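> prediction below, plus the sequence it came from.
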Amino acid sequence: MTRKLLILDVALAAVVVYAGFQLRHEWLAAQARDAATLDRPQPRPAAPPHYTSPPIPPAVMAAGYNDIAQKFLLDRSRNPTVVLEVPPPPPPKPMPPLPVYRGMMNLDGVSAIMSVSANAPQQEIRPGEMIGPFKLVEVGEREITLEWDGKAIHKTMDELSDHGGAASESQNRPAVQDRAARTVVPVAPPPPVAKTPIGPGQDTGRGNRVCDNNDSYPNGAVVDGYRKIISPTPFGPQCRWDPVR
């Protein structure tokens, strides 16, 4: 029994010695590999490749999308052109009746004797003043220039006179009315309208006022701060109300 244990101990000791030699051999081999690796010269890093910047993209232009708009599948017409409907211009403003020319004066400057209508009182109008909705621009020898709504109106004095009003009405009257008028017994003219104290009329824009034909105030009367002045002219007496100063 003792002999077997001795042999076993010797065998175990031999195994331990052999394992020690093997472990030392492996350790020495590892040390040699580490030394060979550390002592080997390191390779130099390669130079980086040359950098080339990419080309700059062109600027975005609206014309570059024209082809997309022409071939847009969701558009019914596939036409990007927008048709603008321009409304028709408004009809021209109707011009009011022209004033009636009565005559012309050249005392302290050229002026025209005019009235707004055939039955309106006469007024002395100088260039630059208003006669109703019209502005007197120039008084020539045979032609008068008016301005209305920014437009110049050139008319001869005969065109603005009222001498042909009665003749034109009689020419345009139907023949049946003419025959009926000839069969009617003529009646007496109506009595003259009684004049009443009316006073100053519409402002002429020059500081004075017009006179009413049915005004009964005498020449020189003062009413509401205005004095009635009747002055003779080659075309008959002219009446106006001047402010009392």
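Happy to help now that I have it. Residues are numbered from 1 along each chain as shown.
> list the helices and strands the helix or strand containing residue 24 packs on?
Under the criterion of DSSP states H and E, residue 24 resides in helix 2-39. Under the contact criterion of 3 or more CB pairs under 8 Å, 6 or more residues apart in numbering; DSSP states H and E, helix 2-39 touches no helix or strand at all. From N, CA and C alone the C-beta is placed, and that goes for glycine too.
> can you map out the strands along this structure?
Here the chain has its strands, by DSSP state E, at 100-106, 110-115, 123-125, 130-131, 134-139, 143-148, 151-156, 209-210, 222-223, 226-233, 236-243.
> now, of the ones you listed, which is deepest in the fold?
For those, the stretch with the most neighbours on average is strand 123-125, a mean of 24; neighbours defined as mean count of other CB atoms under 10 Å.
> one step back: out of the strands of the chain, which gets nearest to residue 36?
strand 151-156 (112.9 Å; CB to CB).
> what pairs with the closest one, and is each one parallel or antiparallel?
According to DSSP bridges, the neighbouring strands of strand 151-156, each with its direction, are strand 143-148 (antiparallel).
> angle of the strand it pairs with against strand 110-115?
With axes from the mean of the first three to the mean of the last three CA atoms, to 10 degrees defining the directions, strand 143-148 sits at 70 degrees from strand 110-115.
> ok and strand 143-148 relative to strand 100-106, angle-wise?
Compare the direction of strand 143-148 with that of strand 100-106 by the same axes, to 10 degrees and you get 120 degrees.
> next, the angle strand 134-139 makes with strand 143-148.
Counting by the same axes, to 10 degrees, strand 143-148 points 150 degrees away from the direction of strand 134-139.
> and the contacts of strand 143-148?
Contacts with strand 143-148, where a contact means CB atoms under 8 Å, 6 or more residues apart in numbering, come from 95-96, 98-99, 101, 112, 131, 133-139, 152-157, 160.
> redo that, cut-off 6 Å
If you take CB atoms under 6 Å, 6 or more residues apart in numbering as the criterion, strand 143-148 is touched by 134, 135, 137, 138, 153, 154, 155, 156.
> possible to save these as a markdown table with pLDDT and distance to residue 84?
Converted to a markdown table, those look like this (pLDDT from 0 to 100; distance: CB to CB, whole Å):
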| residue | pLDDT | distance to residue 84 |
| --- | --- | --- |
| 134 | 91 | 38 |
| 135 | 91 | 38 |
| 137 | 91 | 39 |
| 138 | 90 | 43 |
| 153 | 90 | 35 |
| 154 | 91 | 38 |
| 155 | 90 | 41 |
| 156 | 90 | 45 |
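> quick check: the two most widely separated of those?
Farthest apart among the contacts of strand 143-148 - using CB to CB - are 135 and 156, which lie 18.2 Å from each other.
> residue 92: how many residues sit nearby?
Using other CB atoms under 10 Å as the criterion, residue 92 is surrounded by 8 other residues.
> distance of it from residue 129?
To residue 129, residue 92 is 26 Å away according to CB to CB, to the nearest Å.
> can you pull the domain assignment for this structure?
As recorded under automatic domain parsing, the domains making up the chain are 96-163, 195-245.
> for those, which has the smallest mean pLDDT value?
When the domains of the chain are compared by mean pLDDT, domain 195-245 comes last with a mean of 83.
> quick check: pLDDT value at residue 46.
For residue 46, the pLDDT comes out at 85.
> from residue 243, how far out is residue 216?
Distance of residue 216 to residue 243, given as CB to CB: 21 Å.
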